[in-house]
Structure formats: structure tokens, C-alpha cells
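Enquirer: coordinates for the following, if possible.
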Amino acid sequence: MKQIVVVGVVTALLALTGSLRVGAQADRVKLATAFAEIDRIFTEFTVQAHVPGAAWGVVVMNGVDGELAHAGATGVRDVATKVPVDADTVFRIASMTKSFTAMSILKLRDEGKLSLDDLAERYVPELKGLKYPTSDSPRITIRHLLSHAEGFPEDNPWGDRQLARSDEELSQMMRGGIPFSTSPGTAYEYSNYGFAILGRVVSNVSGMRYDEYVAANILRPLGMTSTTLEASKVPADRLAHGYRWEDNRWKDEPLLPHGAFGSMGGMLTSVRDLSRYVAAFLSAWPPRDGPETAPIRRASLREMQQVWRPAPASVTRTASDAIQLNAGGYGFGLRISQTCSFAHLVSHGGGLPGFGSTMQWLPDYGVGIIAFGNLTYTGWGRATAGAFDALAKSGGLKPRMAQPSPALVAARDAVSRLVDKWDDKVADDIAAENLFLDMSKDRRRADIERVRGSLGACTPPTTFGFVENALRGGWTMSCERGRLQIAMTLAPTMPPKVQSLRVIPAPADAASTSDACR
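Expert: Residues are numbered from 1 along each chain as shown. I've put the predicted structure just below:
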């Protein structure tokens with residue numbers, strides 16, 4: 001096995017601050033106990049897959065900011081010199097570049113310089129002559145391009161070899177026509193070509209070269225000083241060389257220079273730099289008041305992380321070899337998935353001759369994982385799934401709770417008083433008009449008193465067990481001889497009143513009243 005080098009650990013113990021709640025401190029300490037297992041998983045994968053060198057990192061939220069809580073590396077960035085990889089080694093991240101392109105488009109949108117529903121040909125005149133597949137096909141919009149719904153054919157691995165195309169060559173290609181595999185807006189079809197066109201949109205709308213715009217508006221604001229679209233700008237002593245495994249040995253894959261297709265896959269970066277980028281996406285959750293500190297608005301970052309074009313569901317195996325259904329689709333430059341383990345997983349991979357990379361994060365948990373390898377199409381899927389499993393088994397992977405509205409807090413307190421001692425006036429004050437139509441007041445009172453039984457006096461709660469959103473939550477109510485679980489949803493009225501209410505006995509090992517995942 002290759003020797004593993006832990007290149008940067010910001011342990012949870014050192015990162016704790018007085019601003020964190022006690023529970024969050026404990027969760028971060030628990031997460032840190034999984035780092036050694038994550039190192040083992042990634043290192044073993046690189047040996048089995050013949051990856052010359054690799055680097056990885058774990059990003060963890062610290063309050064409203066994220067940080068590189070752990071980084072590891074193994075192997076070499078250059079087979080000839082055997083120089084080891086570290087957290088500052090720069091790898092090409094290929095299609096992960098697409099999210100930078102999407103972020104650039106949304107920044108221009110937020111500034112009022114374009115609309116996502118504008119026709120792409122408004123900003124790229126070469127598209128005006130496209131011959132569409134049917135007479136009723138809609139013309140391509142920017143939104144189509146952002147979500148791989150423009151109808152162009154899937155173009156891997158053709159797109160991988162187009163990076164160095166000149167601007168004029170791209171213009172000639174578009175003027176010569178583009179074949180369609182389906183009518184725009186009807187299906188998901190991954191298109192590198194489409195994101196090359198989005199790079200042209202960024203350039204034409206901003207009046208800057210694509211790489212200059214990204215550097216000025218995303219990279220520098222985030223402090224990503226090692227990230228670039230031009231391999232020649234990376235110091236030779238930090239650049240990872242790319243390889244393919246063939247004839248039982250590593251063979252060099254020359255780096256393609258930046259060109260007109262760079263906006264679909266030309267970016268190079270380090271684990272340390274990309275952790276800042278992933279942290280920006282994690283910091284957009286949950287929605288809240290407060291200053292905007294990311295390159296684009298938090299609302300726009302969240303917009304990128306939503307499904308805009310569904311993709312076919314797939315069945316895979318987890319790291320423990322269990323069968324798992326994956327559903328979701330494509331956001332704006334990002335893939336969005338829902339699995340049996342996580343309701344919201346945001347990710348993107350990147351593969352080019354010589355390299356394979358991934359970034360994945362869990363908005364609901366404030367945790368992300370990055371991994372780079374310098375082997376053609378390094379496939380990190382199983383290893384990354386194993387890393388998330390390790391974090392979950394640590395006991396520190398806890399969902400970030402949404403903030404309850406003042407109305408939800410007030411309703412919790414009123415319902416708790418009602419459960420402890422029924423009062424018709426309190427019941428009438430908190431109930432939406434449907435509550436006692438769906439179950440009569442007398443029957444609901446009898447049901448609650450039956451459940452409460454002989455538990456004795458109950459203590460008013462001071463916290464929620466779960467908050468699904470500002471108007472839905474639940475809590476555990478401790479009584480003299482047992483506990484109750486209570487969950488409620490408020491109605492869309494002003495003021496919001498209780499439209500659904502459930503009171504049940506709490507199991508002996510109950511830790512939460514959430515029924516969001518069954």
C-alpha cells in the first residue's frame with residue numbers, strides 16, 4: 001500500500017469556538033474521529049485503481065462559514081520525479097468547471113444583464129441559423145443550456161478533446177450547425193458543447209474573456225489563488241501530471257491548453273482552494289437574514305443546487321454493497337441526487353484524459369468531500385460513498401435544523417400547555433378552521449388525554465426536537481412517568497394557526513419526533 005500523507009488537519013477540537021452550540025461542538029469532534037477511516041478508504045482505492053497520486057478533503061461548516069477540516073494525500077504528482085502530492089497540488093478538475101460557468105451566468109442575471117429565459121441566440125448570434133429537429137421545437141434558452149436540456153446529443157468523450165479549440169473554430173462549428181438528439185426542453189442530455197456556448201455568453205455579455213471574468217468575479221473574491229484555467233500558469237513544482245494506466249504502466253497524458261471549450265472543463269485547482277468554493281455553497285443553507293459574502297447571492301447559490309431538469313433514476317450499490325435507488329437530476333452546473341441515505345446530495349464529477357475528480361456535499365448537514373486523482377477518469381463514486389458512510393457512523397453527521405418562526409415557537413408553547421391541561425379557549429385560539437372539522441374537539445381532547453394517560457405533570461419544552469421548516473416542527477415533552485412526542489404544521493393564515501397536530505407516546509429510545517424520512 002502507498003504511504004499516506006496527512007497534509008492538513010484542522011481538527012474539530014482546535015476549530016471549536018464559543019459561538020457554536022454545545023451539540024455542534026460535540027458533532028464536530030465526532031466527525032473528526034472518521035478522518036482516519038476516510039484516509040484509509042481513499043488510499044486503498046488509489047492502490048486498487050492504479051492512481052499515481054491523489055488528494056482529498058473534508059469541508060465542515062463552522063457556524064455560517066465552512067473550512068477545510070481535514071485533508072489527505074497519497075502517491076505522486078509526477079511519476080518521473082516521484083514528488084509527492086499535498087493539499088496544494090493543482091489538479092485539472094474537468095467538468096466540475098461547469099458550476100463556475102453557471103455561477104458566472106447567475107451573477108450576470110442577478111445584475112440584470114440577462115435573463116435565464118432569454119434565447120441563447122440573443123447573445124450568441126451564430127446560433128440563429130440552427131436547424132431545429134421539429135417545426136414545433138422551442139428555440140434554445142440560457143436555462144436549457146444550464147440544465148442540459150437544449151437537446152444536443154451527449155458528447156462524452158468527444159467534448160474532452162475540444163478544450164483547445166479557438167474562439168473562431170467554435171464560431172465556425174456553430175455556424176455549420178449542431179445536430180439534435182431531442183427537441184429542446186424535453187429531456188436531460190449531458191452536453192459539453194452547451195457549456196462551451198455558455199462560456200461564450202459570459203464573454204459576450206460581460207465584455208471580458210471567460211477566464212478573466214471567472215477570476216475577477218469568483219476566484220479572487222473567494223481567495224482561490226491557486227485556481228486557473230491555464231495550466232501554463234501553475235508553478236511546475238505544484239502541478240499534477242496526468243496519466244493513463246496501460247500495458248501495466250503509467251503513460252503520460254499531455255495537458256490540453258485552455259481554449260473556447262474551457263468553460264465546460266478546463267479548470268485546475270487544489271484541495272485547499274476548492275474547499276473555499278464548496279464552503280460557499282454550503283454557507284447558502286439555511287436561508288436567513290444577514291450580509292451576503294459569497295460571489296453571488298445566497299438565493300442564487302441555492303438556485304444552482306435545485307433540480308431544474310430531472311434525469312432518469314438509477315440503481316447503484318452503496319459502499320457496504322447494499323442496493324440503493326438514486327433519483328434527481330441536474331441543477332445549474334451541478335448534479336442533484338436523493339438517495340436512501342440522504343434527501344439532498346449536491347455533486348459534480350470531472351473526467352478528462354489524465355484526471356478524475358469529484359466534489360460532493362450535503363446541504364442539510366453542512367459537510368462536503370473533495371477528491372482528485374491524476375489518472376484518466378478516476379472514478380471516486382464508491383470511495384466517496386464510503387467516506388460519507390464513515391462520517392455517518394461517527395455519530396457526528398447531524399442535520400442542520402431550520403429556524404422556527406416566532407409563530408411556530410408560540411404554537412409549540414400553547415400546544416404544550418394544552419396537552420398538559422386541556423383548555424377550550426387555548427384550543428380555539430390555536431386551531432386553524434380545519435383542525436376540529438377533521439377531528440372534533442371532543443374527540444381530539446379525548447385522544448390526547450388517552451395518550452397522556454397517567455404520565456403525571458409534564459414539563460414545558462424549551463427546544464424543538466426537529467424543525468422541518470419555519471411552520472412545521474416537533475418536540476418531545478417530558479412528563480413525570482414518561483414522554484410524549486408532538487408534531488404539528490401551521491396553516492397559511494395570518495396569524496399562522498395549527499392545521500395538523502399529532503400527539504403519541506414516545507418510544508424509550510426516541511431522540512426526535514421527525515417523520516421527514518420513513
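Enquirer: can you list the buried residues in stretch 388-401?
Expert: For stretch 388-401, burial by neighbour count (16 or more other C-beta atoms under 10 Å) applies to F388, D389, A390, L391, A392, S394, G396, L397, K398, P399, R400, M401. From N, CA and C alone the C-beta is placed, and that goes for glycine too.
Enquirer: those residues in helices, which ones?
Expert: F388, D389, A390, L391, A392 (DSSP state H).
Enquirer: what's the closest non-adjacent residue to the last one?
Expert: If you skip the residues right next to it in sequence, A392 has S341 as its closest partner in space, 7.2 Å away by C-beta to C-beta, 6 or more residues apart in numbering.
Enquirer: can you get me a residue count around the one you found?
Expert: Burial measure for S341: 16 neighbouring residues, criterion other C-beta atoms under 10 Å.
Enquirer: what are the boundaries of the helices in the stretch 51-200 of the chain?
Expert: Under the criterion DSSP state H, counting those that start in this stretch, helices of the stretch 51-200 of the chain are mapped to 97-110, 142-146, 167-175, 192-206.
Enquirer: of all the ones you listed, which one is nearest H241?
Expert: Closest to H241 of the helices of the stretch 51-200 of the chain is helix 97-110 (C-beta to C-beta; 19.3 Å).
Enquirer: who are the packing partners of that closest one?
Expert: Using 3 or more C-beta pairs under 8 Å, 6 or more residues apart in numbering; DSSP states H and E as the contact criterion, the elements in contact with helix 97-110 are helix 142-146, helix 192-206, helix 210-214, helix 262-265, helix 298-304, strand 345-352.
Enquirer: TSV please, covering the ones you listed and showing mean neighbour count and mean pLDDT.
Expert: Below are the helices and strands packed on helix 97-110 laid out as TSV (neighbours: other C-beta atoms under 10 Å; pLDDT from 0 to 100):
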stretch	mean neighbour count	mean pLDDT
helix 142-146	25	98
helix 192-206	24	98
helix 210-214	22	98
helix 262-265	28	98
helix 298-304	19	98
strand 345-352	23	97
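Enquirer: report the contact partners of V467.
Expert: Counting by C-beta atoms under 8 Å, 6 or more residues apart in numbering, V467 makes contact with M401, A402, Q403, P404, L408, G473.
Enquirer: let's go with 6 Å and repeat that
Expert: Counting by C-beta atoms under 6 Å, 6 or more residues apart in numbering, V467 touches M401, A402, P404, G473.
Enquirer: okay, these in a markdown table with pLDDT and distance to L222 next?
Expert: Shown next, in a markdown table, are the contacts of V467 (pLDDT from 0 to 100; distance: C-beta to C-beta, whole Å):
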| residue | pLDDT | distance to L222 |
| --- | --- | --- |
| M401 | 80 | 27 |
| A402 | 83 | 26 |
| P404 | 94 | 32 |
| G473 | 96 | 34 |
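Enquirer: between those residues, identify the one with the most neighbours.
Expert: Sorting those by how many neighbours each has (other C-beta under 10 Å) puts G473 first, at 26 neighbours.
Enquirer: look up how far R412 lies from the residue lying closest to that residue once chain neighbours are set aside.
Expert: Excluding the flanking residues, the one nearest G473 by C-beta to C-beta, 6+ apart is V467, at 4.2 Å. Counting by C-beta to C-beta, to the nearest Å, the separation of V467 from R412 is 10 Å.
Enquirer: before we move on, what about V271?
Expert: Per C-beta to C-beta, V271 is found 43 Å from R412.
Enquirer: between these two, who's got more neighbours?
Expert: Remark: of V271 and R412, V271 carries more neighbours, 30 against 24, as counted by other C-beta under 10 Å.
Enquirer: which pLDDT value belongs to that one?
Expert: pLDDT, V271: 98.
Enquirer: and the helices and strands packed on helix 97-110: which comes nearest R92?
Expert: Closest to R92 of those is strand 345-352 (C-beta to C-beta; 5.9 Å).
Enquirer: C-terminal to that closest one, what's the next element?
Expert: On the C-terminal side of strand 345-352, the closest following helix or strand by DSSP states H and E is strand 355-362.
Enquirer: give me the neighbour count for R175.
Expert: For R175, the neighbour count with other C-beta under 10 Å is 14.
Enquirer: and it, what is it in contact with?
Expert: E126.
Enquirer: with distance to V426 added, can I get the buried residues of stretch 388-401 in a markdown table?
Expert: Shown next, in a markdown table, are these (distance: C-beta to C-beta, whole Å):
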| residue | distance to V426 |
| --- | --- |
| F388 | 45 |
| D389 | 46 |
| A390 | 48 |
| L391 | 43 |
| A392 | 41 |
| S394 | 43 |
| G396 | 39 |
| L397 | 39 |
| K398 | 33 |
| P399 | 31 |
| R400 | 32 |
| M401 | 26 |
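Enquirer: tell me, how many residues neighbour W158?
Expert: The number of residues near W158, taken as other C-beta under 10 Å, comes to 11.
Enquirer: grab the nearest non-local neighbour of it.
Expert: The shortest distance from W158 to any non-neighbouring residue, by C-beta to C-beta, 6+ apart, is to N192 (7.7 Å).
Enquirer: what helix or strand is A343 located in?
Expert: Applying DSSP H and E, one finds A343 in no helix or strand.
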